[in-house]
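1. Here is my input; please provide its structure:
(one chain, ligands or ions: 1)
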Amino acid sequence: MIETLDAIFQRRAVKVFEPVEISRELREQILNAARHAPSSFNLQPYRLYWVGSAAQKAVVANLCLGQKPAETASALVVAVADLGSLSSTAQGQLEWMRRSNFAETKIRDYQRTAKIGRILFMPGPFGMFAAVKHAVFRLLNLRKVIGMPPLYRQDLFKWATKSTSLACQNLMIAAEALGINTCPMEGFDGRRLSQYLGLSSRYHEIVMVIAIGKKSSAYTEPPQWRRPLHATVTVL
Ligand SMILES: Cc1cc2nc3c(=O)[nH]c(=O)nc-3n(C[C@H](O)[C@H](O)[C@H](O)COP(=O)(O)O)c2cc1C
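-> Coordinates of the predicted model:
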C-alpha cells in the first residue's frame, strides 16, 4: 500500500485497462474507503452499484457510450445520489447511538436534528412545501444570517451530489493506494442506465460511473496538466 499523498499525485484517469480479476477483499476495501468519506449531516446520501459480472458490465459499458475505459474495465461502479435513503439512514444512526449507550441528551439532540432535517428535506408534491419553506427562509434571512437550505428537488440532488462525489474521490484514491487504477466518467446515457438499474427519477440521480481495473501496459497517459496554484487558489 502506498502513502496517501503518493496515491493522490499518482492517480490518473486511465483510459485502457487490462483484464484482471478484482478479489472480493480488494472490492470491499475500495468500497469501504468510499463510504468513509464525509457527508452532509452524515446522511451518506448515495448508493454505489458495483457492476462486476461480464454480462452486466457489457450492458453498462454500452450505456457509457461504449467508452474505452468502460469497455475494458474489470468492474464499473455506478455512483448514485440517493434521496430515498435519508430517513432509514437517520433511523440507523439513532439505533446505533442507542446500542452504543450514548447519553440520552445526545440521542434527543440527534432526534431533534433528524426531525428538522426531515421537515426541511421534503419538497412535497410539485415542490409545494419547498415553495412555502423558501418564502419562510427568505423572511427569516432578513433578520438573521441563516442561509438557505436545499429545498427543491434539484437543490436536494445538488446537495446529495456533493457527498456522493466525495465518496467517489475516496474510492479512487483508495484504489490507487491498493494498486488499482480508475477512470471517472460522466459520459453515459443517464435515462437508460437508470432504467437498467431500476432507479426512480424521484429519488435517484446518477452522478458518475467509475471504471476500475489495472492500467494496460500498452497505454501511456498523456502528461498531466493543472492550472497553476495562483489560478486555482485565493488566499485571503
Ligand atoms: C466528473 C468527471 C467526469 C469525467 N468524465 C469522463 C468521461 O466520460 N470519459 C473519460 O474518458 N474521462 C472522463 N473524466 C476524466 C477526465 O477527463 C480526467 O480526470 C481529466 O482529464 C484529468 O486527467 P487526470 O485525471 O488523469 O489527471 C471525467 C472526470 C471527472 C472528474
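2. Name all residues that make contact with the most centrally placed residue in the chain.
-> Nearest to the mean C-alpha position of the chain, by CA atoms, centre = their mean, lies Thr164 at 1.7 Å. Taking CB atoms under 8 Å, 6 or more residues apart in numbering, we find Thr164 in contact with Pro45, Tyr46, Ala79, Val80, Ala81, Val207. C-beta: built from backbone N, CA, C; applies to glycine.
3. would it count as being in a helix?
-> Yes: membership of Thr164 in a helix is supported by DSSP: H, G, I helix; E, B strand; the rest coil.
4. ok, and the closest non-adjacent residue to it?
-> For Thr164, ignoring the flanking residues on the chain, the nearest one in space by CB to CB, 6 or more residues apart in numbering is Tyr46 at 4.0 Å.
5. now the one you found, which residues is it bridged with?
-> Per DSSP bridges, the residues bridged to Tyr46 are Ala81.
6. Could you single out the nearest of the contacts of Thr164 to the ligand?
-> The closest of these to the ligand turns out to be Val207 (CB to the nearest ligand atom; 8.0 Å).
7. Report whether the expected contact of the closest one with Ala81 is present.
-> Yes: at 5.3 Å, Val207 counts as touching Ala81 under the criterion of CB atoms under 8 Å.
8. so what sits against both of these two?
-> Contacts common to Val207 and Ala81, judged by CB under 8 Å, 6+ apart, are Tyr46, Thr161, Thr164.
9. Relative to Lys15, which of those is nearest.
-> Thr164 (23.0 Å; CB to CB).
10. Flag every residue of the chain that's near the ligand.
-> Residues of the chain lying near the ligand by CB under 6 Å from any ligand atom: Arg12, Ala13, Lys15, Gln67, Pro69, Cys183, Pro184, Met185, Glu186, Gly187, Met208, Gln224.
11. try 8 Å this time
-> 11-15, 64-65, 67-69, 165, 183-188, 208-209, 221-222, 224, 226 (CB under 8 Å from any ligand atom).
12. Buried only: go through these for me.
-> For the residues of the chain next to the ligand, a burial check counting by 16 or more other CB atoms under 10 Å picks out 11, 14-15, 64, 67-69, 165, 183-185, 188, 208-209.
13. From those residues, which land in strands?
-> Cys183, Pro184, Met185, Met208, Val209 (DSSP state E).
14. what's the closest non-adjacent residue to the residue of the chain found nearest the ligand?
-> Residue of the chain nearest the ligand, by CB to the nearest ligand atom: Gly187 (3.1 Å). Spatial nearest neighbour of Gly187, excluding adjacent residues (CB to CB, 6+ apart): Leu65 at 5.1 Å.
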